[in-house]
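Asker: structure, please.
(4 chains)
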There are 2 protein chains.
Amino acid sequence: MARPKTFDEQQVLTKAIDVFRRKGFDGTSIPELTAELGICRQSLYNAFGDKRGLFLDALEHYGRVEVQAKLDLLDAPGSPIENLRTVIRGWAAMAAQCPGEGCFTITAIVVNRNDAKGLAIVEEHVNRLERGYESNLERALLAGELKPDAKPARMAHSLITSSYGIALLSRLAGSSVRIGDSVAEMLDIVERNAAG
Amino acid sequence: MARPKTFDEQQVLTKAIDVFRRKGFDGTSIPELTAELGICRQSLYNAFGDKRGLFLDALEHYGRVEVQAKLDLLDAPGSPIENLRTVIRGWAAMAAQCPGEGCFTITAIVVNRNDAKGLAIVEEHVNRLERGYESNLERALLAGELKPDAKPARMAHSLITSSYGIALLSRLAGSSVRIGDSVAEMLDIVERNAAG
DNA sequence: TAGATTGTAGAACAATCGTTCTGAAAGAGG
DNA sequence: CCTCTTTCAGAACGATTGTTCTACAATCTA
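Answerer: Okay, here's the model as predicted:
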């Protein structure tokens, strides 16, 4: 054998997520990609097939890292409801941290308009996170943290919609107040269904 | 003078909204545009300057027609709260009617990532609608339809976030249940603040 | 050291992009 | 009639697109 891989594929995918989120798919050219990823054309094509392949790989990597991080938070030991509150506040924090950028999922939803494979990956991310919310709420219900008549599925559906609404509108400059109130309302949904 | 305009500019802009929403900005070529709009290259450039000019004009037209239609509904005579319920249900109806397309505002938010002028127009649309929600709720408050301690601004912020969350996620195939529950939750926010 | 492999640098490719230009057909006013 | 003006059809423009190809440097194993 010979020369080992000198670039870290995962690290390249992380950079790719950043670039695509910032400039979109069609808005990012190959020269821009090679410059920002720090690899040359040929390496890009060898590793990912083509431009769309790179995008799809980046999207899957996003699921393995960012989406999974939220799921881990929801599943962390301790009070399920307190974990949920942490995740909800995290959406506002993300919006405040990189305003105008927004989460990669949103770019992917719009960009993959006509790509069934890409849309399927995004949809799986959204559904996984939604099920994460739901199972978190079911555990809270079992633990007696929620009123017995609380409806985890419906709550999860509503929370997911608000979550991505926040992520979308965070791309607009003057959204901080709006996002703050939306997070407060999400926390209120949880509070209202809390026991005692 | 001479030959009168043979194509209706407003009608062309309506078609342009459809095309751009379906294929995005970079994803739509000039030949596609001339085909779908039913006008030739030169007419397009004479009337709108260039491709981006057409997009911005279409975006403004969207504000004059679609956004304004929602505002008119909110301002219609009769019970403010009942009007608000109608508009909220309208978001679900829109999502059900053309699933996978989503409202033009969302395309514009993602597509205008790096175009300040375009982003400003979109932001104005979102803000106008939000103020429409808010003034509707203030009128409801004055009319005694809301509890005295209801907070129109916060309610409006939260409702806008959910509205666009719905519009975004409606692009995913399996979102109908999720959207239904989200609308129910939005109606619940209104209900919970309604006067006894 | 020899050879295989993995990377880089950059030329070259056909295709398509947005845009402009040319020339002519069509209808309204003088 | 003639003269504008609007629109059309389509050629042409340079620039850029995604992709492939060629040549070469680097680093591992045998």
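
Asker: regarding the residue nearest in space to the middle of chain A, what is its secondary structure?
Answerer: For chain A, the residue nearest the mean C-alpha position is residue A:67 (4.9 Å; CA atoms, centre = their mean). Local secondary structure at residue A:67 is given as helix here, using DSSP: H, G, I helix; E, B strand; the rest coil.

Asker: residue ranges with poor pLDDT in chain A?
Answerer: Of all residues in chain A, those with pLDDT under 70 make up the ranges A:1-5.

Asker: from it, which residue is nearest to chain B?
Answerer: Using CB to the nearest CB, the point where chain A gets nearest to chain B is residue A:165, with a distance of 2.8 Å. In short, each C-beta sits where N, CA and C put it, glycine included.

Asker: and that residue, what element?
Answerer: With secondary structure defined by DSSP states H and E, residue A:165 is part of helix A:152-169.

Asker: can you give me the buried ones in that helix?
Answerer: Applying a neighbour-count criterion of 16 or more other CB atoms under 10 Å in any protein chain shown, one finds A:152-169 buried in helix A:152-169.

Asker: other SSEs contacting that helix?
Answerer: The helices and strands touching helix A:152-169, judged by 3 or more CB pairs under 8 Å, 6 or more residues apart in numbering or on different chains; DSSP states H and E, are helix A:80-97, helix A:104-111, helix A:116-142, helix A:176-192, helix B:152-169, helix B:176-193.

Asker: grab the nearest non-local neighbour of the residue nearest to the centre of chain A.
Answerer: Nearest non-adjacent residue to residue A:67, counting by CB to CB, 6 or more residues apart in numbering or on different chains: residue A:125, 4.9 Å away.

Asker: and the gap between that neighbour and DNA strand D?
Answerer: Distance check for residue A:125 against DNA strand D: by CB to the nearest atom of the strand, to the nearest Å, it reads 24 Å.

Asker: tell me which residues touch that residue, please.
Answerer: Listed by CB atoms under 8 Å, 6 or more residues apart in numbering or on different chains, the contact set of residue A:125 reads A:62, A:63, A:67, A:105.

Asker: kindly recompute the last result at 6 Å.
Answerer: Under the criterion of CB atoms under 6 Å, 6 or more residues apart in numbering or on different chains, the neighbours of residue A:125 are A:63, A:67, A:105.

Asker: turn those residues into a markdown table, including distance to residue B:56.
Answerer: Output for those, formatted as a markdown table (distance: CB to CB, whole Å):
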| residue | distance to residue B:56 |
| --- | --- |
| A:63 | 34 |
| A:67 | 34 |
| A:105 | 27 |
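
Asker: which of these come close to DNA strand D?
Answerer: Among those, no residue sits close to DNA strand D (CB under 7 Å from any atom of the strand).

Asker: closest to DNA strand C among those?
Answerer: Lowest distance from DNA strand C to those (CB to the nearest atom of the strand) belongs to residue A:63, with 23.4 Å.

Asker: excluding its backbone neighbours, what's nearest the closest one?
Answerer: Taking CB to CB, 6+ apart as the measure, residue A:63 lies nearest to residue A:125, with 4.9 Å between them; neighbours along the chain are not counted.

Asker: where's that neighbour relative to residue A:106, distance?
Answerer: With distances taken as CB to CB, to the nearest Å, residue A:125 is found 11 Å from residue A:106.

Asker: can you pull the phi/psi pair for residue A:146?
Answerer: phi -120, psi 150 (degrees, to the nearest 10).

Asker: ok, it - contacts?
Answerer: Residues touching residue A:146, when contacts are defined by CB under 6 Å, 6+ apart, comprise A:140, A:193, A:195.

Asker: please redo it, this time with the cut-off set to 10 Å
Answerer: The neighbours of residue A:146, taking CB atoms under 10 Å, 6 or more residues apart in numbering or on different chains as the test, are A:80, A:81, A:137, A:138, A:139, A:140, A:152, A:155, A:190, A:193, A:194, A:195.

Asker: isn't residue A:110 right next to residue B:112, touching?
Answerer: No: in this structure, residue A:110 is not within contact of residue B:112 by CB atoms under 10 Å, at 11.3 Å.

Asker: elements contacting the one helix or strand residue A:42 maps to?
Answerer: Under the criterion of DSSP H and E, residue A:42 resides in helix A:41-48. The elements that helix A:41-48 packs onto, with contact taken as 3 or more CB pairs under 10 Å, 6 or more residues apart in numbering or on different chains; DSSP states H and E, are helix A:9-23, helix A:30-37, helix A:51-62.

Asker: JSON lines please, covering those helices and showing distance to DNA strand C and mean neighbour count.
Answerer: Converted to JSON lines, the helices and strands packed on helix A:41-48 look like this (distance: least, CB to the nearest atom of the strand, whole Å; neighbours: other CB atoms under 10 Å in any protein chain shown):
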{"stretch": "helix A:9-23", "distance to DNA strand C": "8", "mean neighbour count": "18"}
{"stretch": "helix A:30-37", "distance to DNA strand C": "8", "mean neighbour count": "15"}
{"stretch": "helix A:51-62", "distance to DNA strand C": "14", "mean neighbour count": "19"}
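
Asker: mind checking those helices for the one nearest to residue A:129?
Answerer: With respect to residue A:129, and counting by CB to CB, the nearest of these is helix A:51-62 at 11.9 Å.

Asker: just the CA trace of that closest one, in CSV.
Answerer: Coordinates of the C-alpha atoms in helix A:51-62 are reproduced here as CSV (Å, rounded to 0.1, in the frame of the first residue of the first chain):
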residue,chain,number,x,y,z
LYS,A,51,-21.0,17.9,-6.4
ARG,A,52,-24.4,16.5,-5.5
GLY,A,53,-22.8,13.5,-3.9
LEU,A,54,-20.8,15.9,-1.7
PHE,A,55,-24.0,17.7,-0.7
LEU,A,56,-25.8,14.5,0.2
ASP,A,57,-22.9,13.2,2.2
ALA,A,58,-22.7,16.6,4.0
LEU,A,59,-26.4,16.3,4.7
GLU,A,60,-26.0,12.8,6.2
HIS,A,61,-23.1,14.0,8.2
TYR,A,62,-25.2,16.8,9.6
